[in-house]
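J.: can you look at this prediction? I've put the sequence above it.
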Amino acid sequence: MKTEIPEPEWTAVNMNRKSNSTTFKQCGWCKHASGSHRYGCCLSGRCALMKEYDNDVKWRDECKLLKLGKEDFKSILKSKEYEIKGCKQKIENVHVEIKEVNKLFEKAKNIPPLPDHRNMEFKIGSKVWVFIAAEGEKVPLTKWYCGSVVSGYRSGDGCVSYVMDELPASKQGWGCGVSVPIILQDWEYQYFKRNKRNFETWIELSNKTYNGNPIDGKAMFESIGK
């Protein structure tokens, strides 16, 4: 059973230590330690200079490197050479993958991207459509509502705020993430309204949970254009 190692005492001195202040002495504020940090201290993580399978460190560990001999460092250097070879092979593989993706790109049509592939731009004032479930007087019907993008919480930072034309309650500014399928830019909505089979495929490809909640793909499909 693992024993939980307590964090350092967060005195003013520890909270203001520089991240390089214990390099080759103690792992906490060593520049070669990476992982879970607080106030510049690596509480737990890995040592970049050790072998990948033997590099776990805790903040209060003394530097193990200073206790090693030449044969130990020869072994570490050899493992680093293998890392370089692995990285070079990975780069070659990615170049091949890029060529294959480019071939598919040249043949692809200009259709709405999947939510996860959207950029972050929902321009202020632009027209959007949002699928909203009924909620009493506030939202009388489950359907796609038309509205406009407004400035709001985290606008342009992974979220979009909007006001719906038919829903006075939204005047305070409702919102969602840009990577969820319940919001469509106007050109996307108009495209899917004309190409419902493509919309059905798009929903299937986007069908996963968002914030722990599944999408109602059937209702989204049935109500578009109505």
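T.: Here it is on my side, so go on.

J.: now do the strands in this protein.
T.: Using DSSP state E, the strands assigned to the chain run over residues 33-38, 41-47, 56-58, 127-132, 143-150, 159-164, 174-177, 183-185, 209-210, 213-214.

J.: what residues go with each domain of the chain?
T.: Using automatic domain parsing, the domain ranges for the chain come out as 12-67, 115-223.

J.: rank the strands of the chain by pLDDT, which is bottom?
T.: Ranked by mean pLDDT, those bottom out at strand 209-210, with a mean of 80.

J.: from the chain's centroid, how far away is that strand?
T.: With Cα atoms, centre = their mean, to the nearest Å as the basis, strand 209-210 stands 14 Å off its chain's centre.

J.: same question for stretch 216-226.
T.: Here stretch 216-226 is found 28 Å from its chain centre; the criterion is Cα atoms, centre = their mean.

J.: report the rounded mean pLDDT for that stretch.
T.: The average pLDDT within stretch 216-226 is 92.

J.: can you list contacts of that stretch?
T.: If you take Cβ atoms under 8 Å, 6 or more residues apart in numbering as the criterion, stretch 216-226 is touched by 131, 133, 142-144, 181-182, 189, 192-193, 196, 199-200, 203-204, 206-207. (Glycine included, C-beta is placed from N, CA and C.)

J.: 7 Å - rerun?
T.: Residues from elsewhere that reach stretch 216-226 (Cβ atoms under 7 Å, 6 or more residues apart in numbering): 131, 142-144, 192-193, 199-200, 203, 207.

J.: what do you get for stretch 120-140?
T.: The contact list for stretch 120-140, computed with Cβ under 7 Å, 6+ apart, reads 141-142, 144-151, 156, 158, 160, 162, 164, 167, 169, 178, 182-186, 189, 220.

J.: change it to 6 Å
T.: With contact meaning Cβ atoms under 6 Å, 6 or more residues apart in numbering, stretch 120-140 is reached by 141-142, 144-147, 149, 151, 156, 160, 162, 169, 178, 182-186, 189, 220.

J.: in PyMOL, select just the buried ones from the residues you listed.
T.: Entered in PyMOL, the line below selects the buried ones among the contacts of stretch 120-140, by 16 or more other Cβ atoms under 10 Å:
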select buried, resi 142+144+145+147+149+160+162+178+182+183+184+185+189+220
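
J.: next, the buried residues of whichever helix in the chain runs longest.
T.: Secondary structure of the chain per DSSP state H: the longest helix is helix 70-107. Neighbour-count burial for helix 70-107, counted by 16+ other Cβ under 10 Å, picks out residue 76.
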